[in-house]
Structures are given as C-alpha cells and as structure tokens.
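Got a predicted structure plus its sequence, pasted below:
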Amino acid sequence: MADTSDTRTPAQIEADIKRRREVLAETLDEIGVRVHPKTIVGDAKAKAIAHVDHTVGRAYVQVNRVVSEVRAQLVNDQGAPRLERVVPVALVVVGVVGLLALGARRRKD
C-alpha cells in the first residue's frame, strides 16, 4: 500500500493555506465585481449598444442597396440621367407634393 500521510512541514502547510486564502480572496473580489449593480447595468448597456449598432449597420446596408438600385434605374452607365425614366418620376413627385400642399391648405381654411 502507498503511504498517504502528508510529509509537508508545518511551514509548508501554512504557506499553502495562505496561498489558497489569497486565491479565494481574489475569486471573491472578482465575483463581487461581476454581481455589482453597476457592472450588470454596464454589461446590459454594452449589449444594447452592440445590438443597436448591428441593426443600424444592417439598415444602412439595405438603404444603400436600395439607393444604388434606384440610381441604376435613373442614371445610365456614363452618369447621365435617363430622361425617359426621370421625367415621369419627377411628374409624380410634383403631383404628390401639390396634392399634399392643397390638402394642407384646405385644412387651414
């Protein structure tokens, strides 16, 4: 049978206990920081900001894609406007703005 008795000196045992107490104190300090309300709120804020940034980034990419597609419809490869497409769009925009202005004017009266 193997000898399982502790062959360490009392000084070695005391040093080991001291080291373990220091490690335990560090662990408890770290737990205290993690569960502190300010830490929890800060983590929640960081997650929310990251989510908003991600959502805004995706929205920017989508808007940029739509703008590029619309631009491709209204401008040719050389950058000149395609009048056959720009003129009808401009007429529709002018008509809608006119109707909105007329409606606003009627509401005032």
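Structure received.

pLDDT (mean, whole number) over the longest helix along the chain?
Ordering each helix of the chain by length in residues (DSSP state H) puts helix 37-74 first. Here the mean pLDDT over helix 37-74 is 94, rounded to a whole number.

by contact count, what packs against that helix?
Here helix 37-74 touches helix 83-108, going by 3 or more Cβ pairs under 8 Å, 6 or more residues apart in numbering; DSSP states H and E. No exception for glycine: its C-beta is placed from N, CA and C like everyone else's.

buried set for the helix it packs on?
Buried positions in helix 83-108, judged by neighbour count with 16 or more other Cβ atoms under 10 Å: none.

That helix vs helix 37-74, what angle?
120 degrees (axes from the mean of the first three to the mean of the last three Cα atoms, to 10 degrees).

Report the distance from helix 83-108 to the chain centre.
Relative to the chain's own centre, helix 83-108 is displaced by 38 Å; criterion: Cα atoms, centre = their mean, to the nearest Å.
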